[in-house]
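Student: One predicted model, sequence on top.
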Amino acid sequence: MPSLNQNGRIIEVRDLPERGMSFQELEASYDQIRMLLKKDIDLLSVDLGGIASSNYSVVTFLIGCGELCSKRNVKIELKGVSDGVLSANLAKLGFDKDGRYHPKKFRKEKPESVFISSGEACYKILADAKKLLGFIGEICNSFYYLFRHPRKLDLREVVYYMDKSGADAVPIVMLICFLIGVILGFQGITQMERFGLQIYIADLVGLALVRELGPLMVAMICIGRAGSAYAAELGTMNVAEEIDAMNTMGLKPARFLVVPKLIALAAVMPMLVVIGNLSGIFGGLLISMGMTDMNVTGYINRTIDSLIPANIAESMVKSVVFACIIAGVGCFRGFESEKDAKGVGKATTSSVVTGIFLVVIADFFVTFTFPQIVLIFGIKY
Amino acid sequence: MQAQDRKTVIEVTDLEIGYGDMIVLKNINFKIFKGEIFVILGGSGCGKSTLLKHMIGLYEPMSGDIVIKGRNMADASEDDKDEFFLEFGVLYQSGALFSSLTLEENVALPLREFTDLSEDMISSVAKHKLSLVGLEGFESFMPSEISGGMKKRAGLARAMALDPEILFFDEPSAGLDPISSAGLDKLILELRDTLGTTMVIVTHELDSIYSVADRVVILDNKIKGIIEEGDPRKLRENSRNEWVRQFLNRSNMRG
């Protein structure tokens, strides 16, 4: 512990320990100084004889003293500094020769102007879009190559991802879509009962699921399961320099890593949507049997009557489009992830966010253009 | 070493590299000759790995030329780069083996892609390459099942799969114990002596430099460029630059 003496209007600090000070000692000394500073004091004089620049606890002590003194407007005097490095360091810390302590203020970041930040955001979006276009081009290139050399496609990989992203997702797809069917049926029945239209509940559930909710719910599940997994997988490969290695070996990452996942997901998602639609319709059947006097045959007949092949085609088209988006976005985010653990996490998150965003956008376009397209074939929708 | 009489394999002229607006290295000039073990040396953060990544075509340089076997990589298009990639093999810091493939499949992948060999032939070549690096019996192991040193050796086997004339090494001894590291150095020397491969090694491991390097360039992050070039054993004594002498001698002081 250093010794503190009050000498008139001066506090003298002596015998700073050469071995350094513990935190308890520091706190105790601060308390003493605080007590002494309550009286009329002009100067705090610290004797630094024999203190080396490596004695960080003493430097910490001085900073503490400096802060206390500058609050009370008391001068601080550092005496007997024998170490050249120490005096230089003290000057850097803000102890000037007049015995004032001017703590170094950390420069605050100026808030950026709205124009700069919005411009940067736009630039980032455009740069992202450009990269995405390049990525799509690479995938198309790979598909063209595989079209000419079909044997180069690694079917083992395709089957592996079909299993992981498709077969393993069946239980969750069945459960979610079943519940959606039940919820939709319940909501529909409570409203339509008031007008005596319960008979149309089969139409509502069937059409809503097949045309919209089936593909959309399955897409959400696949974004969470498959898309994020692809992003994490490729992100980790990026961290481990595997993608660099692939590039410098002249192997196209798009062909080896993206195409199998894309084909696999585009193949299994329509199947998942069919399974989801059927479980949803089953859910609607159960709830309407419970809440109305409809029987199984009646419900199924109404469902079949209400659906036309074009509805099922819409379901399939949507599922394939969504599958391409989900696999593509997952891989894209994985490829561009930063090369550290945080980067992989960010890539996974943004694969989910971008995936949901693009799937909903695509859903919007398909929903509005599909009736026009089938009209070309003379089918009224 | 009469390096001047030999054929130039890689020539780097007035290279300037960096990320975004930040210049990492500038005025980089050197030649690498056939069959030479060339070491790029420097302290942490001086840009030696970045330089290597430019030399193997992963990044575009800001300006300057990287001529590999008479062709300029710096202004090659993405498609043309594929031809460069067949000229050299790269051993990455962590080996960078494809984690979903066994060691043999890893080595076989480039063979399957770029040669017309039969499956039997590919398998035996892959086995042979793995035995060259002392990994007989590990052909069916997955990369996650072997040690870091073994991954590096397997990575080397894969880099050598197509018998490239140039091999690049990114910090070959990083993360290896001294004995494995010395083993890798021995392997590098053996490969050079038997196959005549040109080796470009990026490292900060001084101990291995004296045993393998024919020539070094030393990078410095203050001048953002090459501070010294030559035989490390000679530079250690009579480099004009004091910092270089200190840097090269520290390995001896450490024992």
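Tutor: Great, that's in hand.
Student: Report how many residues lie close to residue 190.
Tutor: You didn't pick a chain, so chain A it is. By the criterion of other Cβ atoms under 10 Å in any protein chain shown, A:Thr190 has 11 neighbours. Backbone N, C-alpha and C define where each C-beta goes, glycine included.
Student: that answer is for a different chain, and I need it for chain B
Tutor: When neighbours are defined as other Cβ under 10 Å, B:Glu190 has 11 of them.
Student: do A:Lys261 as well
Tutor: A:Lys261: 29 surrounding residues under other Cβ under 10 Å.
Student: now swap in the one 4 residues further on and tell me
Tutor: Residues contacting A:Leu265 under the criterion other Cβ under 10 Å number 30.
Student: Next: A:Val114.
Tutor: Neighbour number of A:Val114 under other Cβ under 10 Å is 8.
Student: Please state the offset of the top helix by length along chain B from the chain centre?
Tutor: If you go by DSSP state H, chain B has its longest helix at helix B:178-195. Remark: helix B:178-195 is offset 13 Å from the chain centroid, using Cα atoms, centre = their mean, to the nearest Å.
Student: you'd agree A:Leu262 is up against A:Ile325?
Tutor: No. Using Cβ atoms under 8 Å, A:Leu262 is not in contact with A:Ile325, being 10.0 Å away.
Student: Direction included, what does the helix or strand just after the longest helix of chain B pair up with?
Tutor: Sequence order places strand B:198-203 as the next helix or strand after helix B:178-195, per DSSP states H and E. Strand B:198-203 sits in its sheet next to strand B:37-42 (parallel), strand B:166-170 (parallel), going by DSSP bridges.
Student: Can you list the low-confidence ranges for the chain?
Tutor: This is for chain A. Low-confidence segments of chain A, defined by pLDDT under 70, span residues A:98-99, A:104-108.
Student: meant chain B actually
Tutor: Short version for chain B, where the test is pLDDT under 70: B:1-5, B:251-255.
Student: and it, which of its residues are near chain A?
Tutor: By the rule Cβ under 8 Å from any Cβ of the partner chain, the part of chain B lying against chain A is B:53, B:56-58, B:82, B:85-86, B:88-90, B:92-94, B:96-100, B:109-110, B:113-114, B:155, B:158.
Student: re the thing from before, what's the longest helix of chain B packed up against?
Tutor: Packed against helix B:178-195 by the contact rule (3 or more Cβ pairs under 8 Å, 6 or more residues apart in numbering or on different chains; DSSP states H and E) you find strand B:37-42, helix B:148-159, strand B:198-203, helix B:206-212.
Student: I'd like these as TSV, with mean neighbour count appended.
Tutor: Formatted as TSV, those follow (neighbours: other Cβ atoms under 10 Å in any protein chain shown):
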stretch	mean neighbour count
strand B:37-42	24
helix B:148-159	25
strand B:198-203	24
helix B:206-212	18
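Student: Redo the ones you listed as CSV? Include distance to A:Asn311.
Tutor: As requested, these are arranged in CSV below (distance: least, Cβ to Cβ, whole Å):
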stretch, distance to A:Asn311
strand B:37-42, 64
helix B:148-159, 51
strand B:198-203, 61
helix B:206-212, 69
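Student: buried residues in stretch A:120-138?
Tutor: A:132, A:135, A:138 (16 or more other Cβ atoms under 10 Å in any protein chain shown).
Student: That one near chain B anywhere?
Tutor: No. Using Cβ under 8 Å from any Cβ, stretch A:120-138 never reaches chain B; the gap is at least 9.3 Å.
Student: Now do the helices in the stretch 101-250 of chain A.
Tutor: A:114-148, A:155-165, A:170-192, A:201-208, A:214-222, A:228-239, A:242-248 (DSSP state H, counting those that start in this stretch).
Student: most tightly surrounded among the ones you listed?
Tutor: Compared across the helices of the stretch 101-250 of chain A, helix A:214-222 shows the largest average neighbour count, a mean of 25 (mean count of other Cβ atoms under 10 Å in any protein chain shown).
Student: ok, residues contacting that helix?
Tutor: Helix A:214-222 has contacts (Cβ atoms under 8 Å, 6 or more residues apart in numbering or on different chains) with A:165, A:169, A:172-173, A:176-177, A:180, A:265, A:269, A:272-273, A:276-277, A:280, A:315, A:318-319, A:322-323, A:326, A:356, A:359, A:363.
Student: Please work out the angle formed by the directions of it and helix A:201-208.
Tutor: On the basis of axes from the mean of the first three to the mean of the last three Cα atoms, to 10 degrees, helix A:214-222 is oriented at 60 degrees to helix A:201-208.
Student: And the strands in chain A, which stretches?
Tutor: Secondary structure of chain A (DSSP state E): strands at A:3-7, A:10-14, A:43-47, A:75-79.
Student: so which of those comes closest to chain B?
Tutor: Closest approach to chain B among the strands of chain A is made by strand A:75-79 (33.6 Å; Cβ to the nearest Cβ).
Student: Could you list every helix and strand that that closest one packs against?
Tutor: Counting by 3+ Cβ pairs under 8 Å, 6+ apart, the packing neighbours recorded for strand A:75-79 are strand A:43-47, helix A:56-72.
Student: let's see it at 6 Å
Tutor: For strand A:75-79, the elements it packs on are strand A:43-47, judged by 3 or more Cβ pairs under 6 Å, 6 or more residues apart in numbering or on different chains; DSSP states H and E.
Student: how far does the strand it packs on sit from the chain's center?
Tutor: With Cα atoms, centre = their mean, you get 54 Å for strand A:43-47.
Student: What strands flank it, and is each parallel or antiparallel?
Tutor: strand A:10-14 (parallel), strand A:75-79 (parallel).
Student: want to try CSV for the helices of the stretch 101-250 of chain A, with distance to A:Arg72 as columns?
Tutor: Formatted as CSV, the helices of the stretch 101-250 of chain A follow (distance: least, Cβ to Cβ, whole Å):
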stretch, distance to A:Arg72
helix A:114-148, 42
helix A:155-165, 68
helix A:170-192, 67
helix A:201-208, 74
helix A:214-222, 63
helix A:228-239, 53
helix A:242-248, 60
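Student: closest one to B:Arg6 among those helices?
Tutor: Judged by Cβ to Cβ, the one of those that comes nearest to B:Arg6 is helix A:242-248, at 25.0 Å.
Student: Return that closest one as PDB; C-alpha atoms alone will do.
Tutor: Extracted C-alpha coordinates of helix A:242-248, given in PDB (Å, rounded to 0.1, in the frame of the first residue of the first chain):
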ATOM      1  CA  GLU A 242     -12.100 -26.800 -49.500                       C
ATOM      2  CA  ILE A 243     -13.800 -24.500 -52.000                       C
ATOM      3  CA  ASP A 244     -10.500 -22.800 -52.700                       C
ATOM      4  CA  ALA A 245      -8.900 -26.200 -53.200                       C
ATOM      5  CA  MET A 246     -11.700 -27.100 -55.600                       C
ATOM      6  CA  ASN A 247     -11.200 -24.000 -57.600                       C
ATOM      7  CA  THR A 248      -7.400 -24.400 -57.900                       C
END
